[in-house]
Structures are given as C-alpha cells and as structure tokens.
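In: Sequence plus the predicted model coming up.
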Amino acid sequence: MGCSTLYHLAKLGVTDAILVERNKLTSGTTWHSAAQVRALRHSRNLTKMIQYSVDLYSQLEQETGQSVGWIQKGSLSIATNQDRLIYIKRQEALAQAYGIAATSISAGEARERWPLMNSEDVIGAVWSPDDGRVSPSDVCAALIKAAKAAGATLFEDIGVSGVITENGRVRGIETTQGAIQCDAIALCAGLWSREVAALAGAEVPVLACEHFYLLTKPIDGIMGNTPTLSDHDNKLYIRDDSGGLLVGCFEPMGKPIKPGVLDANFEFGLLPEDWDHFQPMMEHALHRLPVLENAEVKMLLNGPESFTPDGTFMLGETAETRGLFLGCGMNSVGLASGGGAGMNLAHCIVKGAPAYDLSEADAKRFAPVFNSVDHLMARCPEILGAHYDIAYPARQLKTARNLRQLPLQIEFEKAFAFTGQFYGWERPLYFNAAKPPRHTFEKPDWFENVRAEVMSAHHDAAVFDLSSFGKLDVIGPDAEAFLLKTCAGYLDREPGSVIYSAVLNERGTFESDLTAQRINKYHYRLFVGTQAIKKDLAWFSRAVSGDAGAKSYDVTITDVTEDHAVLAVMGPATAAIIASLGANLETLGYFKHVETTIAGINVRAARLSYVGEAGWEITCATSHANTLYKALTTAGVKPAGLFAQTSMRIEKGFRAMGHELDSDVSPIDAGLQAFTRNSGGFIGFSELIKKSGQPLSQQIVSLKFDNEFAIPLGYEPVIHNGKIIGKTTSCAFGYRVNRPIALAQVSEQLESGMRVEVNIAGNHYLAHVSVAPLFDKEGLRMKC
Ligand SMILES: Cc1cc2nc3c(=O)[nH]c(=O)nc-3n(C[C@H](O)[C@H](O)[C@H](O)COP(=O)(O)OP(=O)(O)OC[C@H]3O[C@@H](n4cnc5c(N)ncnc54)[C@H](O)[C@@H]3O)c2cc1C
C-alpha cells in the first residue's frame, strides 16, 4: 500500500513525497503474500478498483523495466452445493455488468482446466480468464523505481515514532532519525497501523490474525502455471508454486494476534506452524486434491495479515486528525486491491476525494466502540473465516454483538426481534422471529413477519425505531448561514420546519443527506444516517473552521445522538391513537414539527414519512423512550423493523445513501434537484449548474417484477434491448403492490411502462419500469 500510494502521489505531481519504512520494504506482510489478484467483488467500485490493479500490474514491467511476475492464468470458482452455484452465478452476472470476462462452465469442463482436482461433488463452476497473480516484492520494487523516477524518495530503516499535530492537523512526524515536516500522512503500516494511528490520536480498528498456506515440493502433473482453483465451500484456494502446490485457506475461525505481540523486530518474520489448527483444512485439501496424499510438504507458512470489523479495508482521511489518511486493514486482498487502493488514496490526499465512491471503505465508518482490543480479538478471526462465505441476505456476524444498547433493546428482545448490527447498535430487522432465519436465496423465513408489519403501518399503526440515527445540534447566531453554505436544501425555512437536504461536496455529488428540524432561529437539529455520524460530524465541524483552522462561523456543533430517542409512528390509525394519548397532531402540516406531550412525556413530533403512510417521527429524551413506547404499543401500535421500512421506502421510490446516493451521484442524477436551491450559495452549486444544462447521464427508476417469485437482492444487472444499462440499487418484496420491487440506476433514459430484464443469478426476469413511485404516486396517503 505504501509503495502504490507513493507511486500514485508521484504520478499526480507530488514530487516531494517520501516513504518512510522502519525496516526493509515488504518486510511486514507483503513479502510472503500468495498475491492472487481476483477481480470480482460484490460492488461495482471495489471491482473497478481491482481491475485497475490488474491493468497496472500488467503494464508495470513495460513502464519500469522491472519484472513484476504477472501471471494471468485465470481463476476457477467451483460450487459443491446449490447455494454456492447461485452465488457464483450472481457473481458471474455482476462480472458481465462490469465488463469482466466470466463464464459458467460444467463440472466436467472445470476438471479439464484442473485435471488433478477430484470433481465428484462439483456441480458447476465459473471461469474468470483474466485473473492472475504477481510477485509481491517485485511489484513493490517496480512501483518504487517508477516513483523515484518521478521525484519521490524512499527511506528504509527509519521508523515513525510520533506524529506532530497542531489544532488536530498533521504537521509532521517524529522518526528514529529526527523530525520531518509534512502536511499529510498516508498511513500504510499494515498490521501496525492501529498503533501508529494512536500516535496521532486516531482510532483505527485493525487487528492481525494468523493466516496459513501449505507449500509442497514438486508434484507430478503440475506442469507450468495453473489457474487458481477457488473451492470456497471448503474454504480453500489452490495453485501451483515452483512445480508444487500452494494450498491456502480461510478456516472458519482464525487465530487473532494481540496488539504488541509483533513488534518492530518482526522483520521478514513468520509465525510458528500450527498443524492442529490446519488439520481440518488439510482434510478438505486431501479430498479436493488426492495427489496431496503422497506429496512432500515444504512448509506450512503462517504469516500475519490485518483484518477490520467488517472485512473491508480502510481508506481516506480520519475523523480525528486532519491530514492523516489511512490505507490499511487489507483483509487478505492487499495485493489485489493495492494498485487501485493506492491510486485512490493518492487521490484523497491530492484532490480531497477518491477517484470514485469508496464509502464502503471509508476511514470514518466504524463506531469508536470497535476500536476495543477485546472486540477486535473476537471479531477479526470471524472476519477471516467469513472471507469465502456465501453472502446470504440478512446474514449476521456472531461475535462482538450487543456493543451498544438502543433505549428499547429490552422491549425488542421481548418482541423477539431479529437484529442487525449498525454502527454497533442492534437494530430490529423484523419481529416475532422464533429463531434466526435460514440462510437461503429462496423466499426468506421473515416473508410473512414483514408482511404483517407493513400491513400494520398500511392499515393501522406501526412504530419504527429510528433512535440510532445520528443527531447533531447546530446552535449559534450563524446557524442559518452555516447550513445554507453546507447544505443544498432550503435550510432558511422558518422555525418549526422540517427540511430534507443533500449535503454536497465540491464536485456537486452526495457527501451525505439529512433531515433538519429548525427548532428556533439559532438552533437546528440534524438527523443523519446511523452509520454516517462520525463522518458527518467531521464534515460539519471542519466546515465551521475552514482549512485555515480559524472559526469562520459562530456556531457550535454537538453530537446529541445518545440523548434522544426517535420513534416513527406510521399508519392511518396513528392520529387517533396519539390523540387518545393526549396530543392533537392532525392540524400539523407536512414537513412541520411541534413540541407537545404524548402520554405525559414531552416530545417533539415531526410530520413526515419515510414509508409513505400518514404519521409522525417523535423525538423524546432517551430516558423516556420506554414509557412512550409502552403507551403506544398498549394503545395498539405494532412494532415494525427495518425490513418493513425498506420495502415501503422502495415502493415509495425514496432514495437512500449507500444505495441510490453516493459521492458519484449528484441530485440531478438522482432526480432530487427539487430539493436543492436554485439560488445557489452552497458547496457544490457551481458543479451542479454545469451539469444541469447537459443531457442526463443516469436516472433512478422503480421496477416492479412480473414474476412474484423473483428474489432480487441488489447489484443485479438491468438489461434493455439486450444491453446492460445499469444495476438494481435497493430491492425487496413490495407488499402493498404485491410484487418484488427494486430501485435501479440506469444509464439510459427510460419511461414509465417500458419493460426491462433483470439478471438474477443467470435468470432473466421481466420488470415494468416506473419513473414515479410504485405506490401512491401523488403521496396522498402520507399527507392526509
Ligand atoms: C498468507 C497470506 C496470503 C495472502 N494472500 C493474498 C493474496 O493471494 N492476494 C492478496 O491480494 N492478498 C493476499 N494477502 C494479503 C496481502 O499480502 C496483504 O494485504 C498486503 O501484503 C498488506 O500490505 P500492506 O502494505 O498493507 O502491509 P505490509 O506489507 O505489512 O507493510 C506495512 C509496512 O509498514 C512498516 N511499518 C510499520 N510500522 C512502522 C513505523 N512505525 N514506521 C515505519 N514503518 C512502519 C512495516 O515495516 C511494513 O513493512 C495474503 C496475506 C497472507 C498473510
């Protein structure tokens, strides 16, 4: 990561960039990497990033004269059960959408490509001819050679021992040979990144685990280079190595390494072999490759690799320290990702943002609670084990759960909530879950539970807990001026208003979105996404001070997330129920809020709906949430979870961050221009203006499937007239329209009534396009 970042900084013209390595280059994890480069990931931009690595590695030798050992022999993913076959076919469909070669082949054809494989239990495979592998040390040597040629400098045998900061901003580093001034640090210290970040007061939840592969002496039948054989059901990857075999694994539960155990002396180091731990994997390997029975083992290599709590690396500027940029926590794909990740990290430093949206890797996405050593020791081994797992819908991790308590957690447990972890909170996905749902791509176990919750909100009244939303109080004489600058929406509405707004960056694309309640002239409360709080707090706080560090607006910004609970009570019976509890809210206009008392509790009720039914989002002190909830449910309101909310949101065509909205998308692309001010004056306006005169390059549309049994999950290719024109972004079953539904991002202008196909695991399903919401187009129900 350090070499790739240096190379790309130099390419971007930063000729005074230096790389400081406390030992010798590659002496951490990189030198012993198996160094496979498989392009296919679950998201478009992560895949694009690895494709960039492939392109880089395949041309580096030509550029530098230094061989990088790029061997492009392809990879073969086999399936031994139906779910894996569906899963790899879903990946094949994604590959086609991203322009990557991938084809389904039979078990027989798979065997032809890997003659030593026992294929008796193989039921199908996907062949990806463009995947390859590199020599990791040679890649680094080539990157450094090119970076030096462009003016960059490498210092080996110099360790970073401190970070010099001033007003929360990087000013330099202390090293074992003195201080160096700098205004930006790319922290690429592999498994040591957590402790180096701590020198700058930043939290980087990264922990090393032991990671194994077996090497054999030469074996008859291995002639030349083989494709990589991915037997993910057995947690294995296999390829040739110097005429023998390399058999690597992601065993179900890895072995964590406590911070501090591996110190600066761990140079070109390896960990002890652990045959007991490897034994189950060895049995899988013997089953897949009977030839191993008589093979001579060269070594069981055990090297450390760093993992994060969600299995994705960390990239970009930290929330805690300006100028401290992360490129670490590579989760065993550091070589595959390194080329593209280094390019994106250099972009973050030089241009203020990655080359394309990489929110899923954002350095600010983890709740502070994840930085605890205990939680990392529990979670990271599971992440290693989950590397080859099938990503079933609603699949949950088991370790490091219940890290943060929602105010209603005990009530939710009593109502048998099945929860998902979001920013450390346990949010109910659905209720009345007698047991955890089966892992399946078929009709899910929760189908009828969610129907009941949607129908409660549609016919009667349901309560959705929004307490995990981030909440920021913006207070001060300049509050309005500040928010008019940082938000694209109509933040100058009078006190008592609720305002939806995009938060744009200088490129005019979504940094975030929020709902603001204007409490009085000088006080706004911003409601931001559950996972966005750290990022948004940093964004707004930095906007107050500007780059120079001097406060340019007279406002204070306070994170009040844990002080307030938010209950969204939705459905036609809500008004009467709330009236029976002492508040008459019927006259309150849409997008208005008011202070009132419900069941004797002081609340603020806001008239808006994310699910398309009449209702109020009610904010109260966290300590009162239980009493309010009990009063509501006793009066007949039923609890509803995130799955019901998502289904209803998609029916209403409401866009969501991380799905339809991200930093590649402008309000014009998302069809949300009506929520931005024509008068301008906000960050990103000049870019929006440039776009608004141009033909639309993309569009968000709603899709309703013909076949009620289709199960779209997201990221499926959308096809029109035989051509892939986009992807699904949010999917669910729509209970009010009685069909599977999706929102999709497409690059052609579609009209309502047109038909498209959606490729779900190789099967093409017909769907109707609607430019308007699928349910209650005029929005009459939520405003009645
Ligand atoms: C067994 C195994 C197999 C793998 N197979 C693959 C694979 O097939 N494909 C793939 O893509 N990835 C694979 N990986 C993962 C990949 O090797 C890593 O993700 C990658 O090498 C990490 O690179 P890095 O630059 O982040 O870290 P490192 O290579 O560890 O580099 C970090 C550097 O920071 C230096 N450093 C630390 N602290 C300081 C300090 N205070 N001052 C100065 N310098 C410091 C260290 O000396 C070190 O050289 C594998 C990993 C293992 C262990």
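Out: Looks like it came in fine.

In: Can you pull the phi/psi pair for the residue in the stretch 101-250 of the chain that the ligand sits nearest to?
Out: Shortest the stretch 101-250 of the chain-to-the ligand distance, computed as Cβ to the nearest ligand atom: residue-wise this is Gly190, at 2.6 Å. Any C-beta I mention is one placed from the backbone N, CA and C, and that applies to glycine too. Dihedral angles of Gly190 (phi, psi; degrees, to the nearest 10) stand at phi 50, psi -130.

In: Touching, it and Thr26? I think so.
Out: No. With contact defined as Cβ atoms under 8 Å, Gly190 does not reach Thr26; the gap is 10.2 Å.

In: between the two, who's got more neighbours?
Out: Neighbours of Gly190 and Thr26, each counted by other Cβ atoms under 10 Å, are more numerous for Gly190; the result is 24 against 20.

In: which SS class is the closest residue to that one other than its chain neighbours?
Out: Distances taken as Cβ to Cβ, 6 or more residues apart in numbering put Gly28 closest to Gly190, at 4.3 Å, once the chain neighbours are dropped. Following DSSP: H, G, I helix; E, B strand; the rest coil, the label given to Gly28 is coil.

In: Tell me how many other residues crowd Gly28.
Out: Quick note: Gly28 (other Cβ under 10 Å) scores 28 neighbours.

In: give the contact list for Glu506.
Out: Neighbour list for Glu506: Gly352, Ile683, Gly684, Glu687 [criterion: Cβ atoms under 8 Å, 6 or more residues apart in numbering].

In: Repeat that for Asn344.
Out: Met49, Leu315, Pro354, Ala355, Tyr356, Leu358.

In: out of those residues, which are inside strands?
Out: By the criterion of DSSP state E, membership of the contacts of Asn344 in strands covers Leu315.

In: any idea which of the contacts of Asn344 is closest to Val771?
Out: Closest approach to Val771 among these (Cβ to Cβ): Tyr356, at 26.1 Å.

In: Pull the number of nearby residues for the closest one.
Out: For Tyr356, the neighbour count with other Cβ under 10 Å is 16.

In: can I assume it is in contact with Thr509?
Out: No. Judged on Cβ under 8 Å, Tyr356 makes no contact with Thr509 at a distance of 10.2 Å.

In: what about stretch 264-273, how long is it end to end?
Out: End-to-end distance for stretch 264-273, by Cα to Cα, to the nearest Å: 21 Å.

In: Tell me which residues of that stretch come out buried.
Out: Counting neighbours by 16 or more other Cβ atoms under 10 Å, one finds that the buried residues in stretch 264-273 are Phe266, Gly269, Leu271.

In: any idea whether the residue nearest to the spatial centre of the chain is helix, strand or coil?
Out: For the chain, the residue nearest the mean C-alpha position is Glu360 (2.6 Å; Cα atoms, centre = their mean). Put simply, Glu360 is helix when judged by three-state DSSP.

In: cool, His211 as well?
Out: strand.

In: which residue packs closest to His32, ignoring adjacent ones?
Out: In this structure, His32 finds its nearest non-sequential neighbour in Gly303, 4.6 Å apart by Cβ to Cβ, 6+ apart.

In: Give me the pLDDT value at Gly546.
Out: Looking at Gly546, its pLDDT is 67.

In: Ok, Gly260 next?
Out: We have a pLDDT of 96 for Gly260.

In: Begin at 109 from now on, thanks
Out: That works, and once the first residue is 109, the last one we named lands at Gly368.

In: returning to that earlier point: turn the contacts of Asn452 into TSV, including distance to the ligand and pLDDT.
Out: As requested, the contacts of Asn452 are exported to TSV (distance: Cβ to the nearest ligand atom, whole Å; pLDDT from 0 to 100):
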residue	distance to the ligand	pLDDT
Met157	12	95
Leu423	11	98
Pro462	17	98
Ala463	19	98
Tyr464	20	97
Leu466	16	97
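
In: picking that back up, list residues touching both of Tyr464 and Thr617?
Out: By Cβ under 8 Å, 6+ apart, Tyr464 and Thr617 have these common neighbours: Ser771, Asp772.

In: coming back round to it: among the contacts of Glu614, name the buried ones.
Out: Neighbour-count burial (16+ other Cβ under 10 Å) applied to these gives Ile791, Gly792, Glu795.

In: Need the pLDDT of the first one.
Out: In this model, Ile791 is scored at 97, pLDDT.

In: so who does it touch?
Out: Ile791 neighbours (Cβ under 8 Å, 6+ apart): Lys593, Thr594, Leu612, Asn613, Glu614, Ala651.
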